[in-house]
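J.: After the sequence you'll find the predicted model.
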Amino acid sequence: MTTIEDKISLFSKIIYDKVNEEKEGRLKDFRAEAQKRINVEKEKIEELRRCLQRDVAKKSDIKANGIVAKERLKKQREMLFLKEKLIKEALENVGQKLVEFALLPEYKPYFLSILEKTLKEIDSGDYYIIILKRDYEKFKREIGVVLSNYSDRNVEIKISEEDFIGGIILKDIEGKFKIDNSLYSKLEESKEIIGVRVMEMLA
């Protein structure tokens, strides 16, 4: 005969089994939902990681390009400074050589040939020939001889107030034109040649 205790025990087991079944079902659903959420979060984290990697790579590229550009600019500045330094030194050396040349015996025939060449280039008229005091004192007689060969050119000798190393400068009386055959003008003309040679040397 089934007692009340047996019935209670049976009911309890049925209820327990039902509750346990519901619990397992809910746990399964919970685990599935939890895994789904975890997967979503993992994907978000992975996407964030990829974005961060791209961002870091992009920033790294920008930084690297900045460093390269900075170094290139630095090198260009250094090359420009070196070019200017070399050109300056070269011009100073050439200038010193011209100063020394103007004191040598070989300078006299050069000076007189430049004087005659300049006179041949002009028509008859009134002119100034500007020379250094040093040259005038050393070559006064020879200058007179050269000028006598061009008597149709009325030439007045003027002593320069500026040191143009050597040579002569001719101007017409009216100030319309000038022929600069000074050694300083030759030095200035050599700047471009020296600059090109320096650039070829640095290339």
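T.: Done, it's in.

J.: CA only for contacts and neighbour counts going forward, please
T.: OK.

J.: which stretches of the chain form helices?
T.: 4-101, 107-120, 133-148, 183-202 (DSSP state H).

J.: mean pLDDT for the ones you listed: which is lowest?
T.: Sorting those by mean pLDDT places helix 4-101 lowest, at a mean of 76.

J.: what packs against that helix?
T.: helix 183-202 (3 or more Cα pairs under 8 Å, 6 or more residues apart in numbering; DSSP states H and E).

J.: Figure out how far the helix it packs on is from the centre of its chain.
T.: Offset of helix 183-202 from its chain centre (Cα atoms, centre = their mean, to the nearest Å): 19 Å.

J.: hmm, back to that, which one of the helices of the chain lies closest to residue 174?
T.: helix 107-120 (17.0 Å; Cα to Cα).

J.: Contacts for that closest one, please.
T.: For helix 107-120, contacts defined as Cα atoms under 8 Å, 6 or more residues apart in numbering pick out 101, 139, 142-143, 146, 150, 153, 166-168, 170, 179, 181.

J.: Now the buried members of those residues.
T.: Among the contacts of helix 107-120, those classed as buried by 16 or more other Cα atoms under 10 Å are 101, 143, 153, 166-168, 170, 181.

J.: From the residues you listed, which land in strands?
T.: Of the buried ones among the contacts of helix 107-120, the ones assigned to strands by DSSP state E are 153, 167-168, 170, 181.

J.: a markdown table for the residues you listed, including pLDDT and distance to residue 105?
T.: Output for these, formatted as a markdown table (pLDDT from 0 to 100; distance: Cα to Cα, whole Å):
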| residue | pLDDT | distance to residue 105 |
| --- | --- | --- |
| 153 | 94 | 28 |
| 167 | 97 | 14 |
| 168 | 97 | 17 |
| 170 | 97 | 24 |
| 181 | 96 | 19 |
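
J.: Could you dump these into a markdown table with distance to residue 31 added?
T.: Converted to a markdown table, those look like this (distance: Cα to Cα, whole Å):
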| residue | distance to residue 31 |
| --- | --- |
| 153 | 117 |
| 167 | 104 |
| 168 | 106 |
| 170 | 107 |
| 181 | 102 |
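
J.: Among those residues, which pair sits farthest apart?
T.: 153 and 167 (19.0 Å).

J.: Quickly list the domain ranges of this structure.
T.: 1-101, 106-202 (automatic domain parsing).

J.: Could you single out the most deeply buried of those domains?
T.: domain 106-202 (a mean of 15; mean count of other Cα atoms under 10 Å).

J.: Quick check: end-to-end length of it?
T.: 35 Å (Cα to Cα, to the nearest Å).

J.: At the geometric centre of the chain, which residue sits there?
T.: By Cα atoms, centre = their mean, the mean C-alpha position of the chain lies nearest to residue 76, the distance being 3.9 Å.

J.: ok, now which ones touch that residue?
T.: No contacts exist for residue 76 under Cα under 8 Å, 6+ apart.

J.: Tell me the spacing between it and residue 69.
T.: For residue 76, the distance to residue 69 (Cα to Cα) stands at 10 Å.

J.: returning to that earlier point: need the max-distance pair from the buried ones among the contacts of helix 107-120.
T.: Counting by Cα to Cα, the most remote pair of the buried ones among the contacts of helix 107-120 is 101 and 153, 29.3 Å apart.
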